[in-house]
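Peer 1: fold the following for me, if possible:
(one chain, ligands or ions: 1)
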Amino acid sequence: MNATQLKSLLPTPAWEAISGNSEGQERDQPMTTEPCADAAPFSAASFPFVWSLDRSSDVGRALLAATRRLREAGSDTPQLDGAVLMAHVLGVSKTWLYAHPTRKLTEVEISRYETLVRRRMCHEPVAYLVGYKSFFGLDITVDRQVLIPRPETELLVERVLSYVKYLIREGHTPRIADVGAGSGAIAVALAVNAPQAFIYAIDISEDALAVAARNVWRYGLSEQVQLLPGNLLEPLPEPVDVVVANLPYVAAAALPGLPRQIRDYEPALALDGGTDGLATFGAFFDALASPAGRAKIQPGGRIYLEIGLQQGPAVRALAARALPEADIEVQVDYAGLDRIVVIEV
Ligand SMILES: C[S@@+](CC[C@H](N)C(=O)[O-])C[C@H]1O[C@@H](n2cnc3c(N)ncnc32)[C@H](O)[C@@H]1O
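Peer 2: Now for the predicted structure:
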């Protein structure tokens, strides 16, 4: 079989893998080992090569090569991904990279970069690869035990913070429960921005709380944030003024259709909201409907819940059934979509 016949039979990446490439700065080989061995579902047919850089690569050429490969692998942000990973390997800022394109890479740097880019080619989120995510102006440590904090959750923090600051101005020392704390992103952002508040960070996953502990320690908040393992509000030792919760709200049937970087890497416990996506909200409000559950929140206290875009009416109904006396408001995000439910009990 000649080269033209072979090319016509192979997908483009596989052809490039065995034929080399015009830039001469990267080398792909037909896959001999499983490049996504650590990842969950992976089909060799969907990504049939490993990738390596020329050993004399400099920053600029390595970035170009990685961007191209990450684009082919399906990243929506290949240039940014490549730059963030390179900045991580070199311990510099992204801006520094663009100012020093001719900086030669050492063998160790090349090898670390190749490993990270290959993992990103297998859809592993950049935040897990570099070990942190920016959230509310803070670097929050993350790993695969916790959901990567999302920009939309910053809106939840903003709304809670504005109420908490009002309570502080009124002379209170607010007690807050962050239920489903995960990485502790919400608890840490609140604690840093409202030093007068005290926060209980609750999660059913002790592995997640271990990550939250690292964030609490990183920001020196161990006097202000207490980590509590357990189910919903159960571990709370006293009534609180504010409950904030970003609970799992993806319907089970929607999980397989999520982007691979979410579906294959982020913890199901952080995403899976049961058949209709409302199971954890249901359990939360069932508990609040009992006198013992109701006693976990001070009279006049507030609950702030992040919800899925279609869930406003259903969560409002659950809240109204459990707390018939409460004021309930469904608030929209900057795109005008239902995103937060605020309940004054
Ligand atoms: C969507 S993640 C939110 C993580 C973090 N608060 C954030 O906003 O990035 C939901 C979290 O709720 C936790 N969780 C799920 N069910 C729970 C339950 N019944 N009680 C307490 N935590 C729960 C999960 O372990 C996960 O860490």
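
Peer 1: so how many other residues sit close to residue 324?
Peer 2: The number of residues packed near residue 324 is 8, by other CB atoms under 10 Å. Bear in mind the C-beta positions are built from the backbone N, C-alpha and C, glycine included.

Peer 1: how close does it get to residue 315?
Peer 2: Taking CB to CB, to the nearest Å as the measure, residue 324 and residue 315 are separated by 15 Å.

Peer 1: repeat for residue 301
Peer 2: Distance, residue 301 to residue 315, by CB to CB: 18 Å.

Peer 1: okay, these two: which has more neighbours?
Peer 2: residue 315 (25 against 20).

Peer 1: what bridges to residue 175?
Peer 2: Bridge pairing for residue 175 (DSSP bridges) gives the partners residue 198.

Peer 1: who's in contact with it?
Peer 2: Residues near residue 175 by CB atoms under 8 Å, 6 or more residues apart in numbering: 197, 198, 199, 200, 238, 239, 240, 241, 242, 298.

Peer 1: in TSV, list the residues you listed along with distance to residue 260 and pLDDT.
Peer 2: Shown next, in TSV, are the contacts of residue 175 (distance: CB to CB, whole Å; pLDDT from 0 to 100):
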residue	distance to residue 260	pLDDT
197	38	98
198	39	98
199	34	98
200	34	98
238	43	97
239	42	98
240	38	98
241	41	98
242	36	98
298	43	96
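
Peer 1: separate out the buried members of those.
Peer 2: Buried members of those, counted by 16 or more other CB atoms under 10 Å: 197, 198, 199, 200, 240, 241, 242, 298.

Peer 1: find the residue at the geometric middle of this structure.
Peer 2: By CA atoms, centre = their mean, the chain has its centre lying nearest to residue 148, at 1.3 Å.

Peer 1: so where does that one fall, helix or strand?
Peer 2: Residue 148 belongs to no helix or strand when assigned by DSSP states H and E.

Peer 1: look up how far the ligand lies from residue 167.
Peer 2: 21 Å (CB to the nearest ligand atom, to the nearest Å).

Peer 1: could you find the closest non-adjacent residue to that residue?
Peer 2: Among residues not flanking residue 167 along the chain, residue 174 sits closest, at 4.6 Å (CB to CB, 6 or more residues apart in numbering).
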